[in-house]
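[1] next input, structure requested:
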Amino acid sequence: MADQTPRLTSLSPGAGCACKLPLAKLEALFAAMGPDPFMNTGPATGDLLIGAAEGDDAAVLRLDEDRALVLTTDFFTPIVDDPADWGRIAAANALSDVYAMGGRPLFAVNLAAWPGDGLDIAVLGQVLLGGAQVAAEAGCFVAGGHTIDDPVPKYGLAVVGLADPAALMTIDRAAPGDQLILTKAIGTGVIATALKRGMPDPEVVAAAVASMTLLNAGASRAALAAGVRAATDVTGFGLLGHLHRMLAASGAAARIRAAAVPLLPGAAALAAAGFVSGGTRANTDRMRAFTTLDAAIPPELAVLLHDAQTSGGLLLAAPAGAASALLSALRDQDLPAALIGEVVAGEPGHVHVYHGPF
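    This next block holds a predicted model:
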């Protein structure tokens, strides 16, 4: 009898991080809530070094002078049809928030939503095993978790990590003169959208899966060694969206060279063919007020700069004197790292995107 298991990507209107609420809606939500002492939505104080108001990749609680706990969670709907690969991607994506803060994961718990009827529970087992595999690669224990009955499958992790409070990488420390380095290629959003709507070239999908399952551990260690203090990971808000958030928090602007941004194989062609997710369209709308795009930039490249990524690389604001050595260290790890621009003085949060040289 033929396998009657539906394609996982057919079970959700969004794929991966593209299923997340748009940044504009989240900003409106927190603005409406205002400071709340019960939810700690105000600025972090005391041993809470980073909380909700800071809008960073994870929360950070200082234990003592040498140790701080890093806490994050991330989960999403299927981004690929292979359940083990989905688990691996989701785990790498959740762990990435800890690496973006300069920490190392200690342990995690699973978060899973699964249809009680109509989808074999054994498929969830494959998802969990995939997640455990990547967590083990990170040296991170997976200690249980929580499941609910939900018609749309979802999977991810809640992760606790450890960091040096004096060496945290945060989104609010980028300074004019810093060089912007991206450690992974972009394009996972258009590839996932193409996979959901049909079947793109298997080699294109394989390259995207390899990128999304690659841990940001080595990139984080190299950044710390180079003295980087401003970083974020590139996920659902896209490259320009995450850069905007870093710049707005830091009170700075930036200029980047579109042609320098590394792209996944096949991503440009799929963007040109119209495989654009709702999350990417929301990112584009949100960034219009904060981005100046040169007219010479090809439309498909403009799409990819806003593309909703899943388990993307780290975006690092490196001190100018350390950027060259850091780039070499990243490339020594076989990462497609690239110098894509620089932080400049200007309207906080604004990004000027050039096609060629500045």
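
[2] what about residue 308, which helix or strand?
    Using DSSP states H and E, residue 308 falls within no helix or strand.

[3] that one and residue 277 touch, don't they?
    Yes: assessed by Cβ atoms under 8 Å, residue 308 is found in contact with residue 277 at 5.6 Å. Backbone N, C-alpha and C define where each C-beta goes, glycine included.

[4] so which of these two has more stuff around it?
    Neighbour count, other Cβ atoms under 10 Å: between residue 308 and residue 277, residue 308 has more, with 32 against 23.

[5] give the closest residue to that one in space, chain neighbours not counted.
    Computed as Cβ to Cβ, 6 or more residues apart in numbering, the closest residue to residue 308 that is not its neighbour in sequence is residue 279, at 3.6 Å.

[6] gap between the one you found and residue 268?
    19 Å (Cβ to Cβ, to the nearest Å).

[7] before we move on, what about residue 108?
    35 Å.

[8] in the chain, which spans are helices?
    Taking DSSP state H to define them, one finds helices in the chain at 23-33, 83-100, 121-137, 188-197, 202-212, 217-225, 238-250, 267-272, 278-287, 299-306, 320-332.

[9] rewinding a little: so between residue 279 and residue 268, which is more surrounded?
    Neighbour count, other Cβ under 10 Å: between residue 279 and residue 268, residue 279 has more, with 30 against 17.

[10] and the pLDDT for that one?
    pLDDT for residue 279: 93.

[11] next one: residue 14
    Confidence score, pLDDT, at residue 14: 68.

[12] repeat that for residue 275.
    Reported pLDDT for residue 275: 95.

[13] ramachandran angles for it?
    phi -80, psi 80 (degrees, to the nearest 10).

[14] what sits against it?
    190, 191, 193, 194, 197 (Cβ atoms under 8 Å, 6 or more residues apart in numbering).

[15] give me the pLDDT for the third one.
    pLDDT, the model's per-residue confidence, is 94 for residue 193.

[16] now do the first one
    Each residue has a pLDDT score; the one for residue 190 is 96.

[17] number of nearby residues for it?
    33.

[18] how much space separates residue 213 from residue 93?
    According to Cβ to Cβ, residue 213 and residue 93 sit 9 Å apart.

[19] so those two - more neighbours on which side?
    The neighbour comparison of residue 213 against residue 93 (other Cβ under 10 Å) goes to residue 93, with 28 against 20.

[20] got the CA positions of stretch 134-146 in PDB?
    What follows is stretch 134-146, C-alpha atoms only, in PDB (Å, rounded to 0.1, in the frame of the first residue of the first chain):
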ATOM      1  CA  VAL A 134      21.500  18.500  16.500                       C
ATOM      2  CA  ALA A 135      21.300  19.300  20.200                       C
ATOM      3  CA  ALA A 136      23.800  16.500  20.900                       C
ATOM      4  CA  GLU A 137      26.100  18.000  18.300                       C
ATOM      5  CA  ALA A 138      25.900  21.300  20.300                       C
ATOM      6  CA  GLY A 139      26.700  19.500  23.600                       C
ATOM      7  CA  CYS A 140      23.200  20.300  24.800                       C
ATOM      8  CA  PHE A 141      21.000  17.900  26.800                       C
ATOM      9  CA  VAL A 142      17.400  17.500  25.800                       C
ATOM     10  CA  ALA A 143      15.500  16.800  29.000                       C
ATOM     11  CA  GLY A 144      11.800  16.100  28.200                       C
ATOM     12  CA  GLY A 145       9.300  18.700  27.000                       C
ATOM     13  CA  HIS A 146       5.700  19.400  26.400                       C
END
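
[21] got the buried residues for it?
    134, 135, 137, 138, 140, 142, 145 (16 or more other Cβ atoms under 10 Å).

[22] tell me the centre residue of the chain?
    residue 235 (2.6 Å; Cα atoms, centre = their mean).

[23] isn't that one up against residue 309?
    Yes: assessed by Cβ under 8 Å, residue 235 is found in contact with residue 309 at 5.3 Å.

[24] where are the low-confidence patches of the chain?
    1-4, 14-21, 23, 27, 29-31, 34-42 (pLDDT under 70).

[25] let's go with 90 and repeat that
    Along the chain, the parts satisfying pLDDT under 90 run over 1-7, 9-45, 52-56, 116-118, 197-200, 356-358.

[26] which residues touch residue 252?
    174, 175, 176, 343, 344, 345, 346, 348 are the contacts of residue 252 under Cβ under 8 Å, 6+ apart.
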